[in-house]
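# quick one: sequence plus predicted model below, questions after.
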Amino acid sequence: MRRRSIILGIPLLLALGLSACSPSAPPAPGQSAPPTAELGSPSWQQWVGQTLSLDDPDRGGPRPGSPAWNAAVQQRLGQEAPAYPPGSPQWQQAVDGLLRTRAATAP
């Protein structure tokens, strides 16, 4: 009986695995797609900055990844801002998840 339930569960696991690997919905017009880059990398920071409309450092905004930039991200997220120390791996993970969720539900 146990062997049968394991065998019957394999297609379900495969289906779930394939759906998790499926591409997400296309980004809304004017919004870049979430990067596949590593959290905290320059391309990830650029995506976060664009998504939250942070100023470009060449125009007087904070340098991406700097404490001032992390504070600006926190401020833009408002009440949704993660409680982790800004810039920490846990904070980056939480920011990434929040922004991806926002992008997926954007009209």
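Yep, it's here. Predicted model only: the values in this text are computed from it and were never measured.

# which parts of the chain are helices?
Counting by DSSP state H, the chain has helices at residues 2-21, 42-51, 67-77, 89-105.

# where among those is the average confidence lowest?
Lowest mean pLDDT of the helices of the chain: helix 2-21, a mean of 47.

# contacts only, for residue 90.
Residue 90 is in contact with 82, 84, counting by Cβ atoms under 8 Å, 6 or more residues apart in numbering. Bear in mind the C-beta positions are built from the backbone N, C-alpha and C, glycine included.

# count the neighbours of residue 80 for me.
Using other Cβ atoms under 10 Å, residue 80 has 13 neighbouring residues.

# apologies, that question was intended for residue 43.
Residue 43 - counted by other Cβ under 10 Å - has 11 other residues nearby.

# wait, doesn't it sit right on residue 37?
Yes: if you go by Cβ atoms under 8 Å, residue 43 and residue 37 touch, sitting 4.1 Å apart.

# could you report the pLDDT at residue 107?
71.

# for residue 35, same thing?
67.

# name the nearest residue to residue 71, ignoring sequence neighbours.
Closest residue to residue 71 apart from its sequence neighbours, by Cβ to Cβ, 6 or more residues apart in numbering: residue 86 at 6.5 Å.

# correction: residue 44
residue 37 (4.8 Å).

# could you check how far that neighbour is from residue 96?
Note on residue 37: its distance to residue 96, by Cβ to Cβ, to the nearest Å, is 10 Å.

# ok, residue 65 - contacts?
Residue 65 sits in contact with 40, 42, 45, 87, where contact means Cβ under 8 Å, 6+ apart.

# by neighbour count, which of the residues you listed wins?
Among the contacts of residue 65, the one with the most neighbours (other Cβ under 10 Å) is residue 45, at 22 neighbours.

# who are the contact partners of residue 93?
residue 39.

# if we use 10 Å, what do you get?
Residues in contact with residue 93 (Cβ atoms under 10 Å, 6 or more residues apart in numbering) are 39, 40, 82, 84.

# buried ones among those?
40, 82 (16 or more other Cβ atoms under 10 Å).

# distance to residue 49 and pLDDT added to the contacts of residue 93, as CSV?
Putting these into CSV (distance: Cβ to Cβ, whole Å; pLDDT from 0 to 100) gives the following:
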residue, distance to residue 49, pLDDT
39, 14, 94
40, 13, 93
82, 17, 95
84, 19, 97
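
# no further questions, thank you.
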